[in-house]
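J.: Got a predicted model here, sequence first, then my questions.
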Amino acid sequence: MKLGRYLLIGVIFVLALNFVSNAKSSELILCTKANLSDLCFAQGINTSAIEKPPVSFTILKASYNGIVKEDLAIITAVYEIYVTANEWVEIPLLAEDIVAKDFALDKEDILTLKDGKYRLVTNKSGLHRVEIPFLAKIHKSDSYNELKFAIPKAAISKLNFEIPKKNISIFIPSAFDIKVIEAETGTKITATISAKESFYMKWSKRLEIPKIEKLESKIYSEVYNLLAIKENLLQGNVIVKYSILRSEANHFKISLPKDLEILTVRGLNIKDWQVLAEKEEKILNVYLSPAVKGSYKLEISYEKPLNNLTYLEIPELQCKEVERENGYIAITSLANIEISEISSKEVTRIDVKELPSEIALSQKPILMAYKYLKHPYGIVLKLEKHEEIPVLSATIDSTSVITLVTEEGNLVTKITYYMKNNKKQFLKLELPENSELWSAFVGGKPVKPAMSKEEKAILIPLESSPDRAFPVEIVYFTKNGEFNYGGSFSLKLPKVDVPISQLSLLLYLPENFEYLRFDSNLKLIPYSRYSTGKLGMPDIGSLEMFATKTSQRALLQEQVKEMEEFKGQLRNVMEKGILPIKIEIPQQGKVFHFKKLMVTQSDGLWLNVIYLNSKIYFWFNLAAFLLAFYLILKALLAFEIEKVGEVLSRKKVQLIGIIVTLIIIKEFLSVTFWFVLLGIFLAFAFAFVHLIYRKITRKRFVEKVGGAQK
């Protein structure tokens with residue numbers, strides 16, 4: 001065993017020598033501890049800077065336990081100090097303003113007085129404990145006592161003190177977490193002191209706050225009554241303003257007549273309210289939580305049935321348990337009831353402008369206003385109900401009508417009523433004969449119309465909108481007689497049970513006819529007739545409608561094609577019963593614009609038109625033109641130009657007849673009139689030129705004959 005142990009040590013030694021021999025000189029240095037400082041100095045290393053700590057000492061804990069004895073305080077200070085330096089250090093503790101009685105130190109530590117402070121002197125590092133009992137003087141005055149002395153800064157400082165007095169107030173500005181406990185021997189104080197260089201404590205006798213007796217509250221009230229008289233009902237809105245003085249209040253009482261029914265009670269901090277019946281009155285109790293002081297507002301609403309009373313005694317509401325009450329009463333009417341005063345007592349009639357703003361801003365005009373200063377008061381009114389006259393619950397501001405007429409005599413009419421409605425449920429329509437309703441929209445939404453059994457009228461359900469107009473749109477189809485070469489055509493519009501302020505009708509008639517005369521209770525607007533496709537392109541009396549330009553023919557053919565397509569759509573709808581959601585009416589043809597103001601429920605809007613085929617009308621106008629030209633020209637050529645005046649004076653009756661005929665033609669056949677007028681003008685022009693030519697020729701002939709005779 002010994003041999004194996006020696007062999008193991010030998011192997012370890014060889015390995016160590018091998019490691020040292022292979023290491024560089026700069027990497028490994030072997031020296032004794034005694035030579036370390038010399039080696040560090042040779043290398044320029046400051047060993048003192050490495051070994052010296054940043055602080056020489058620190059006071060970890062400090063505690064001050066004391067008791068007050070007359071003019072002195074006996075205090076024991078205990079310090080736990082940690083010294084980090086291995087050299088002599090002086091640790092300042094207490095100042096010389098105290099008197100040390102004794103001290104307890106660790107071995108080899110010294111307590112000395114230097115520069116006005118007690119100091120601990122030691123050269124040993126580590127934890128040190130110092131205990132110093134000392135005396136400190138208490139400074140007294142008439143109102144307080146104070147204790148102050150210098151102390152060292154410590155990380156943690158605790159205070160335990162006892163003052164042999166009770167009912168005292170303690171003040172320590174540098175202390176936190178103060179606990180004051182009154183014991184049999186006096187007052188004990190514990191606290192934590194902040195890291196400061198002085199300690200200060202002040203105490204005085206605690207002032208006893210005298211108990212204030214709770215005073216009764218003084219309450220003043222001002223009441224605003226706004227009364228609205230309806231049919232068989234009186235509505236009251238009451239505002240009570242309280243002024244609460246001296247102390248808080250949490251309960252209000254208000255007396256009411258027995259026939260009043262309280263509806264609502266509103267106000268801040270209301271916990272509950274209830275009405276209790278007593279002998280001849282009711283008491284409204286309002287409970288608040290928390291109680292209030294100062295200004296407080298209470299709002300009450302109530303109702304009272306009138307039961308067709310002729311005389312009304314105004315209800316009297318009285319605030320209970322108040323010092324003084326005054327108030328105002330405002331009366332208004334919400335029905336056709338005339339109000340007049342019969343009698344009054346303890347109230348003063350005032351102008352409406354003198355009412356407070358709380359009740360002066362009523363939606364209805366205030367008819368009577370009163371002021372009262374005390375209870376009881378009384379007002380008796382006479383109520384005279386007047387018979388109500390029915391008024392309109394709905395009105396139509398404007399109506400837009402578009403009617404398209406085909407050559408087969410079928411009519412498609414789209415009517416849009418812009419109406420305001422207050423409470424009317426249905427719009428009642430009476431369509432013309434042979435008419436069928438296709439669609440109905442109210443406010444842009446489709447609706448389902450109904451049929452009235454009694455009057456056989458169509459009922460359109462309405463929406464309520466008294467301030468804003470909404471559209472009611474209907475589209476209906478009417479089958480009428482087919483257009484011939486000539487004749488008359490009639491149109492009727494639906495009757496409604498709501499008056500119309502303004503109605504506008506756009507009537508689109510087939511292109512292949514001329515419309516000679518309109519009879520209607522609507523007013524035809526000039527310069528809108530014979531417009532093709534668009535409104536505002538007038539050509540009444542113009543000969544251009546008979547022109548044969550290629551562009552006009554192409555436009556007419558395109559319109560005819562669209563009209564034929566729409567006729568097919570109409571037949572398809574009638575055959576298959578398909579009701580489109582929205583039906584757009586092609587605005588093609590000769591358009592005529594009509595208007596009417598103020599259409600009543602009894603007015604039936606109608607229109608008759610006399611028409612003639614365009615080709616027949618053209619040849620008729622051409623014949624009239626040629627006839628007029630021939631007759632006038634023949635008459636003018638029958639006499640000499642010098643005798644024109646004599647002929648005109650002799651044939652006044654015939655001339656008047658011609659003028660009347662022209663006027664009649666102008667009234668009924670306006671285009672024919674212009675043709676006739678053109679023929680007359682051309683006949684006069686031709687005759688005038690011819691007569692001038694004859695006169696010149698005759699003069700030359702006479703001169704020639706006279707020259708030959710000479």
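T.: That came through fine.

J.: right, and Leu233 touches Lys304 too?
T.: Yes - with contact defined as C-beta atoms under 8 Å, Leu233 and Lys304 form a contacting pair (7.4 Å). In this view, the C-beta of every residue, glycine as well, is placed from N, C-alpha and C.

J.: for this structure, which spans come out with low pLDDT?
T.: By pLDDT under 70, the weakly predicted segments of the chain are 1-52, 208-214, 527-582, 624, 628-673, 687, 699-710.

J.: So for Leu233 and Lys304, which sits in the more crowded spot?
T.: Using other C-beta atoms under 10 Å, the more surrounded residue of Leu233 and Lys304 is Lys304, with 19 against 14.

J.: tell me the contacts of that one?
T.: Residues near Lys304 by C-beta atoms under 8 Å, 6 or more residues apart in numbering: 233-234, 236, 257, 259-261, 315.

J.: quick one: the closest residue to it other than its chain neighbours and Pro466, what's the gap?
T.: Among residues not flanking Lys304 along the chain, Leu234 sits closest, at 4.2 Å (C-beta to C-beta, 6 or more residues apart in numbering). Per C-beta to C-beta, to the nearest Å, Leu234 is found 27 Å from Pro466.

J.: Which one's more surrounded, these two?
T.: Taking other C-beta under 10 Å, Leu234 and Pro466 do not tie; Leu234 has more neighbours (21 against 11).

J.: could you flag which of the contacts of Lys304 are buried?
T.: Those of these that meet the buried threshold are 234, 236, 260, 315, by 16 or more other C-beta atoms under 10 Å.

J.: which SS state does the last one fall under?
T.: Translated: Pro315. When classified by DSSP: H, G, I helix; E, B strand; the rest coil, Pro315 comes out as coil.

J.: Looks like it contacts Glu261 (just checking).
T.: No - applying C-beta under 8 Å as the test, Pro315 and Glu261 come out as separate, 11.0 Å apart.

J.: Pick out the most distant pair among the contacts of Lys304.
T.: Using C-beta to C-beta, those reach their maximum pairwise distance at Leu233 and Pro257, which is 15.1 Å.

J.: ok so, going back, which of the contacts of Lys304 sits closest to Leu437?
T.: Set against Leu437, the nearest of the contacts of Lys304 by C-beta to C-beta is Leu233 (43.6 Å).

J.: do you know how far the closest one is from Asn422?
T.: According to C-beta to C-beta, Leu233 stands 21 Å off from Asn422.

J.: can you check Thr600 too?
T.: Distance check for Thr600 against Asn422: by C-beta to C-beta, it reads 19 Å.

J.: Of those two, which one has the most company?
T.: Legend: neighbour count by other C-beta under 10 Å for Thr600 and Asn422, higher for Asn422 (13 against 10).

J.: and that one, what is it in contact with?
T.: Asn422 is in contact with 393-394, 464, 466, counting by C-beta under 8 Å, 6+ apart.

J.: quick one: contacts for Met451?
T.: Each residue near Met451 by C-beta under 8 Å, 6+ apart is listed here: 457-459.

J.: Just the buried residues of stretch 414-432, please?
T.: Buried, per 16+ other C-beta under 10 Å, within stretch 414-432: 414-421, 424, 426-432.

J.: same question but for stretch 106-124, I mixed them up
T.: Within stretch 106-124, the residues scored as buried using 16+ other C-beta under 10 Å are 109, 111, 117-120, 122, 124.

J.: How is this structure divided into domains?
T.: Domain assignment for the chain, taken from automatic domain parsing, gives 57-205, 218-385, 394-604, 618-705.

J.: Tabulate those (CSV), appending distance to Tyr611.
T.: Output for those, formatted as CSV (distance: least, C-beta to C-beta, whole Å):
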stretch, distance to Tyr611
domain 57-205, 111
domain 218-385, 55
domain 394-604, 5
domain 618-705, 12
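
J.: right, and those - which one's nearest Ile610?
T.: Of all the domains of the chain, domain 394-604 sits nearest to Ile610, with 4.5 Å by C-beta to C-beta.

J.: what's the span of the closest one, first residue to last?
T.: Taking C-alpha to C-alpha, to the nearest Å, domain 394-604 runs 19 Å from one end to the other.

J.: quick one, what contacts Ala465?
T.: Residue 465: Ser, not Ala. Ser465 is in contact with 420-421, counting by C-beta under 8 Å, 6+ apart.

J.: Run through the bridge partners of it.
T.: Beta-bridge partners recorded for Ser465 (DSSP bridges): Asn421.

J.: if I look at it, how far off is Val496?
T.: 17 Å.

J.: what's the answer for Ala191, then?
T.: Using C-beta to C-beta, Ala191 is found at 95 Å from Val496.

J.: what do you get for Arg324?
T.: Per C-beta to C-beta, Arg324 is found 63 Å from Val496.
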